[in-house]
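K.L.:
Would you be able to build a 3D model of this:
(one chain, ligands or ions: 1)
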Amino acid sequence: MDITSVIMVYFSPTGTSKAVAEGIARGIGRPETVFIDITSPGARKESLSVSEHELLVIAVPVYMGRVPALLNEWMRVLRAEGSPAACVVVCGNRAYENALLELTDRVAGCGGIPIAGASFIGEHSFSSADLPTAEGRPDQHDVCIAESFGRKIIDKLKSASELTAVEVPGTSPYGGMTKLWDVDFISVNDQCVQCGLCAEVCPVGAVDSENSRGVDLEMCITCCACIKTCPQHARGMKPGPVNDAAVRLNSLCKEPMQPEFFL
Ligand SMILES: Cc1cc2nc3c(=O)[nH]c(=O)nc-3n(C[C@H](O)[C@H](O)[C@H](O)COP(=O)(O)O)c2cc1C
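P.N.:
Presented below is the predicted three-dimensional model:
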């Protein structure tokens, strides 16, 4: 089967899912690729309809072994009746658990046919210079693998007379935690110049644009986009459960995981 265009959707607070999605797009190699970044709250208000002649690729990070819960609402309005789809999860070198199964199930629930799935590795959201976990990933090798995954999706589409859903690892009910910590974990030092970038990059609008120290703890999803984007390096983690998790990840998740494909 042939497709008319590629719709590449990603949610990517710290940019690793985006980098993987871009690698996959290069491998797919179609000039008619439309990138839809659903990281900002405004972008998730737009509904999306994908036709059966378009390939949908969706890349999201793994949060607690699951698809980030804030994407549920957006996925409820996604329409992909009969569209071939590739589902991609990006984890921080701990585990992706049931996230890939959950994503393929969600896409199927919107009418899509998940013909391919993959897991990739991105620098952990909680990683820092002092406590690195999967630092610098996806690296050049990961990006080459993402490109090859893109080529394989196209090969599969070309050779398929009829679309069949792929099987991916995982169990349902998915379990795990979808409610994230609502803890005051972000420290802001005197280097902060109130430039407002932290508020701009926050995917849930939790940072006050007038006062960077003002974080709505109920809304914050601990994605660390504000910490990682701060040009002054003014933001960091206070001692507490999120920092404890960063310490644990740094000591327990050193063995580099490798991307996996399901086609
Ligand atoms: C709240 C939260 C939970 C996470 N849970 C997991 C997890 O269960 N397994 C894992 O390997 N990485 C986990 N991560 C790390 C992210 O999946 C990983 O860093 C990913 O590359 C971030 O994607 P992004 O750069 O597109 O935001 C978690 C990150 C956050 C913020």
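K.L.:
Flag every buried residue along the helix or strand where residue 245 lies.
P.N.:
According to DSSP states H and E, residue 245 maps onto helix 241-252. Residues of helix 241-252 classed as buried by neighbour count (16 or more other C-beta atoms under 10 Å): 242-243, 245-246, 249-250. C-beta: built from backbone N, CA, C; applies to glycine.
K.L.:
tell me how far it is from the chain's mean position?
P.N.:
20 Å (C-alpha atoms, centre = their mean, to the nearest Å).
K.L.:
could you give the mean pLDDT of that helix?
P.N.:
Helix 241-252 carries an average pLDDT of 97.
K.L.:
do the following helix or strand past it and the ligand meet?
P.N.:
Sequence-wise, the next helix or strand downstream of helix 241-252 (DSSP H and E) is strand 260-262. No. Counting by C-beta under 6 Å from any ligand atom, the ligand is not contacted by strand 260-262; separation bottoms out at 12.8 Å.
K.L.:
could we number from 37 for the rest of this?
P.N.:
Noted, 37 is the first residue going forward, which turns the last one into strand 296-298.
K.L.:
what's in contact with strand 296-298?
P.N.:
136, 152-155, 185, 188, 202-205 (C-beta atoms under 8 Å, 6 or more residues apart in numbering).
K.L.:
Adjacent strands (with direction) for it?
P.N.:
strand 149-157 (antiparallel) (DSSP bridges).
K.L.:
following the partner strand, which helix or strand comes up?
P.N.:
helix 176-195.
K.L.:
re earlier: the contacts of strand 296-298 also near the ligand: which ones?
P.N.:
Within the contacts of strand 296-298, nothing lies near the ligand by C-beta under 6 Å from any ligand atom.
K.L.:
with the residues you listed in mind, which one is nearest to residue 100?
P.N.:
residue 136 (14.0 Å; C-beta to C-beta).
K.L.:
Make sure I have this right: that closest one is in a strand.
P.N.:
No. Residue 136 is assigned helix when assessed by DSSP: H, G, I helix; E, B strand; the rest coil, not a strand.
K.L.:
Does it touch residue 153 like I think?
P.N.:
Yes. Judged on C-beta atoms under 8 Å, residue 136 makes contact with residue 153 at a distance of 5.3 Å.
K.L.:
what's the helix holding residue 281 packed up against?
P.N.:
With contacts defined as 3 or more C-beta pairs under 8 Å, 6 or more residues apart in numbering; DSSP states H and E, helix 277-288 has no helix or strand neighbours.
K.L.:
near the ligand, anything from it?
P.N.:
No. Using C-beta under 6 Å from any ligand atom, helix 277-288 stays clear of the ligand, with a minimum separation of 8.0 Å.
K.L.:
any shared contact partners between residue 136 and residue 153?
P.N.:
123, 204, 298.
K.L.:
For residue 202, see how far away residue 116 is.
P.N.:
15 Å (C-beta to C-beta, to the nearest Å).
K.L.:
ok, these two, which is more surrounded?
P.N.:
residue 116 (25 against 20; other C-beta atoms under 10 Å).
K.L.:
residues contacting the more buried one?
P.N.:
So residue 116 contacts 85-86, 92, 143, 146-148 (C-beta under 8 Å, 6+ apart).
K.L.:
excluding its backbone neighbours, what's nearest it?
P.N.:
Leaving aside its sequence neighbours, residue 116 sits nearest to residue 148 (C-beta to C-beta, 6 or more residues apart in numbering; 3.6 Å).
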